[in-house]
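# Structure of the sequence below:
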Amino acid sequence: MTVAIKVENLSKKYLIKHESKSAEYNTFSDLLVQGSKKFAKKIIHPFSGKEIDEQTEEEFWALKDINFEINQGDKVGIIGRNGAGKSTLLKILSRITEPTSGKIHINGRVASLLEVGTGFHPELSGRENIYLNGAILGMSRKEIKAKFDEIIDFAEVEKFLDTPVKRYSSGMYVRLAFAVAAHLEPEILVVDEVLAVGDVQFQKKCLGKMNDVSKEGRTILFVSHNISSVNALCTAGIELESGRIKSIGSIDEVIKHYVESGIGELNSHYKCKVEKKSEKKAQLLEVFIVDSTNKKKSNIFISDDFVIHIKWKLNVEVAYLRLGLEFSNSIGIVTFVTIDTDTNGLHGKKRKPGIYHQYVTIPKFTLTPGIYNIMLFAGMPKIERIMEKKDVISFEVIENNTHLSLVSGEKRLGYIAIPVEWK
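You can find the predicted model right below:
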């Protein structure tokens, strides 16, 4: 398989200057005093050979010893927290900035969309910038002209085609810039968080186009804090932390590592002591999960039922009370909600003070494999929420290679895996 990008021992260093405390001027009089002191020192020691500089410099490694290979046609998501080095890496791969050390081998033309306005001349019209960008990518006028109508249709800026782009809104800028980058057939397409500027419909359109581009055998590097978008588009992933690679592999493995490093160990058991003198209307005492053998677990096979045990205390008599669980996956999307009044006939009835034990059975093949967090809540609809605990417990559903969990040897897409009747 052809290697599109090979990175060897890549590092990027910046020098950060810090003002010393003596150089921090709060008022105009402070500025005059500090200036006078510097002038006096210069007169007293005119040939000291030392500059009277109140600044210190610190080395900051935005990237350190990065190594990876990306094959032609790969869709690679680069994830990490703010300051991890994602944008720096893309700028180096796009030849916008030079690395401090290391080597990069790139096989093919690179089109980049890193920030609003990248590669556009503000004084030129949209039409002129399309031809300018194509020329920069090494395309002939004939090739650009063949793609011109597709670009305009995708960007939806035909009305403003002959207007200088400096008058475009940020959304219009991004629509045209992405359309140019995606349609002028670069071998490698590099896209940073800039797509977040567009509306939801446009983002969906862009993800669809990037998917089409990858099917044509072109390579995509995609950076986004929207993990669901990265998961939907990419097949491989790189996780950066403090300028170093923390994990690399399939996108599922990388996202799992990224999420787990944020939440630590899975917390599958919540327990709290009873408050004897409490002004709260309700108090959550305990929540935990057991598997089909009645053992407490944090990992559940997709082919097994599991039961959530809830123990809580009600301190006042309440009517129309509902107790519910909200399941969210690792990227924060709510997969489903279940409420106790759905099935137990308690809707509208009064509940007396006391300690309640409730059990919720989640059938096998309900959730697709992944990490889930549960929020527990209790209250009267549209009146008052008397108890709420976010991320009360977390657990993982594990694939165990049943015929129901696989689709042509691949993982089942979506958020639920409920078997339904076919006739």
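# so where's the stretch 101-250 of the chain shaky on pLDDT?
Residue ranges of the stretch 101-250 of the chain with pLDDT under 70: 115-119, 194-198.
# Please enumerate the helices of it.
With DSSP state H, counting those that start in this stretch as the criterion, the stretch 101-250 of the chain has helices at 126-136, 141-155, 170-183, 200-215, 227-233.
# would you turn those into TSV with mean neighbour count?
Every residue, glycine included, has its C-beta placed from N, CA and C. As requested, the helices of the stretch 101-250 of the chain are exported to TSV (neighbours: other CB atoms under 10 Å):
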stretch	mean neighbour count
helix 126-136	19
helix 141-155	16
helix 170-183	23
helix 200-215	16
helix 227-233	19
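# In TSV: these, plus distance to V259.
Output for the helices of the stretch 101-250 of the chain, formatted as TSV (distance: least, CB to CB, whole Å):
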stretch	distance to V259
helix 126-136	37
helix 141-155	33
helix 170-183	28
helix 200-215	21
helix 227-233	8
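# Counting neighbours, what do you get for K13?
The tally of other residues near K13 (other CB atoms under 10 Å) stands at 14.
# Could you find the closest non-adjacent residue to it?
T100 (4.3 Å; CB to CB, 6 or more residues apart in numbering).
# what about the nearest residue to I227 once chain neighbours are set aside, distance to E193?
Among residues not flanking I227 along the chain, I331 sits closest, at 4.1 Å (CB to CB, 6+ apart). Taking CB to CB, to the nearest Å as the measure, I331 falls 16 Å from E193.
# How is this protein divided into domains?
Per the record, the chain has its domains at 62-263, 269-411, by automatic domain parsing.
# Most tightly packed of those domains?
domain 62-263 (a mean of 18; mean count of other CB atoms under 10 Å).
# for that domain, the distance to its chain's centre please.
Relative to the mean C-alpha coordinate of its chain, domain 62-263 is positioned 15 Å out (CA atoms, centre = their mean, to the nearest Å).
# start the count at 6, not 1, going forward
In the new numbering, first residue 6, that becomes domain 67-268.
# so where is the stretch 256-405 of the chain shaky, pLDDT-wise?
For the stretch 256-405 of the chain, applying pLDDT under 70 flags the ranges 265, 267-270.
# Now do the helices in it.
256-268.
# those strands in it, which residues are they?
274-276, 287-295, 304-306, 311-319, 323-324, 327-334, 339-344, 355-356, 359-367, 375-385, 389-403 (DSSP state E, counting those that start in this stretch).
# next one: the stretch 56-205 of the chain
Counting by DSSP E, counting those that start in this stretch, the strands of the stretch 56-205 of the chain are 60-76, 80-84, 106-111, 115-118, 193-196.
# Can you tell me what sits against the last one?
Think strand 193-196. Contact with strand 193-196 is made by 9-10, 95, 98-99, 111, 113-119, 183, 186-187, 211, 215, 218, 223-228, as judged by CB atoms under 8 Å, 6 or more residues apart in numbering.
# can you rerun that using 6 Å?
Outside strand 193-196, the residues that touch it by CB atoms under 6 Å, 6 or more residues apart in numbering are 9, 95, 99, 113, 115-118, 218, 224-227.
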